[in-house]
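**Q** give me the fold of what follows.
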Amino acid sequence: MNTVGPILRSLCVSIFLMVPAILWAGNFDRFEGTYTGEAEFTFEGQTQRRDMSTTIRATKAGFTLVWTSVTYKDDGRSKAKTYQISFVPSARENIYTSAMKTNVFGKEVPLDPLKGEPFVWAKLEGDTLSVFSLYIDETGDYEIQEFHRTLVEQGLALKFRLFKQGAPQKEIQTLLRRKD
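**A** Here you go, the predicted model:
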């Protein structure tokens, strides 16, 4: 019985599976860091202000993205929301799946939008790291949030867009300056 063929095939598959991770690491490290800034925008006829921050870190399996948005009310109150999501490479080049929960087999997988949870994925295209979140409500209507973070000399140019049923609802653009 010839065992060289199966061993060689196994070695080739292992090398093939490692190549995307190696290529990914070379493209992604330039995004790593912490970035902060603020934005002023008009929504539903009112001017609003937000402080924003983003931290991007490589992990063993992919990368983690943490972002915070602090909203200020006219009466002086503020409300901070922080999100942290890990991403791992998908089978498609430059597209990353969120790893937001662990399935019964111990694999980190995305959430289920049909259960009211956000379905989140990321895309790396040139100098822009984009994150998309799809929400489906109890009536079947949907909302998509887009976060486009583009590397610029001073840090990250952030463009946030919100769509409901495909119609644009909100857009925020600002510069987040690199802190580390």
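
**Q** pretty sure F28 is touching L65, no?
**A** No - contact criterion CB atoms under 8 Å: F28 and L65 do not qualify, at 11.2 Å. In short, each C-beta sits where N, CA and C put it, glycine included.

**Q** please enumerate the helices of the chain.
**A** 4-28 (DSSP state H).

**Q** can I get stretch 91-109 in PDB, CA atoms only?
**A** Provided in PDB are the C-alpha atoms of stretch 91-109 (Å, rounded to 0.1, in the frame of the first residue of the first chain):
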ATOM      1  CA  ALA A  91     -13.400  31.100   2.300                       C
ATOM      2  CA  ARG A  92     -13.600  34.200   0.100                       C
ATOM      3  CA  GLU A  93     -10.600  36.500  -0.300                       C
ATOM      4  CA  ASN A  94     -10.600  39.700   1.800                       C
ATOM      5  CA  ILE A  95     -14.000  38.900   3.300                       C
ATOM      6  CA  TYR A  96     -14.200  38.100   7.000                       C
ATOM      7  CA  THR A  97     -16.900  36.400   9.000                       C
ATOM      8  CA  SER A  98     -17.800  37.600  12.500                       C
ATOM      9  CA  ALA A  99     -17.100  35.200  15.300                       C
ATOM     10  CA  MET A 100     -19.700  36.300  17.800                       C
ATOM     11  CA  LYS A 101     -20.900  33.000  19.300                       C
ATOM     12  CA  THR A 102     -19.700  29.500  19.700                       C
ATOM     13  CA  ASN A 103     -21.700  26.700  18.000                       C
ATOM     14  CA  VAL A 104     -22.200  23.100  19.500                       C
ATOM     15  CA  PHE A 105     -18.900  22.000  17.800                       C
ATOM     16  CA  GLY A 106     -16.900  24.700  19.400                       C
ATOM     17  CA  LYS A 107     -16.500  26.800  16.300                       C
ATOM     18  CA  GLU A 108     -17.000  30.600  16.500                       C
ATOM     19  CA  VAL A 109     -19.700  31.600  14.100                       C
END
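
**Q** now that stretch: average pLDDT?
**A** For stretch 91-109, mean pLDDT is 86.

**Q** please identify the buried residues of it?
**A** Under the neighbour-count criterion of 16 or more other CB atoms under 10 Å, stretch 91-109 has N94, Y96, T97, S98, A99, M100, E108 buried.
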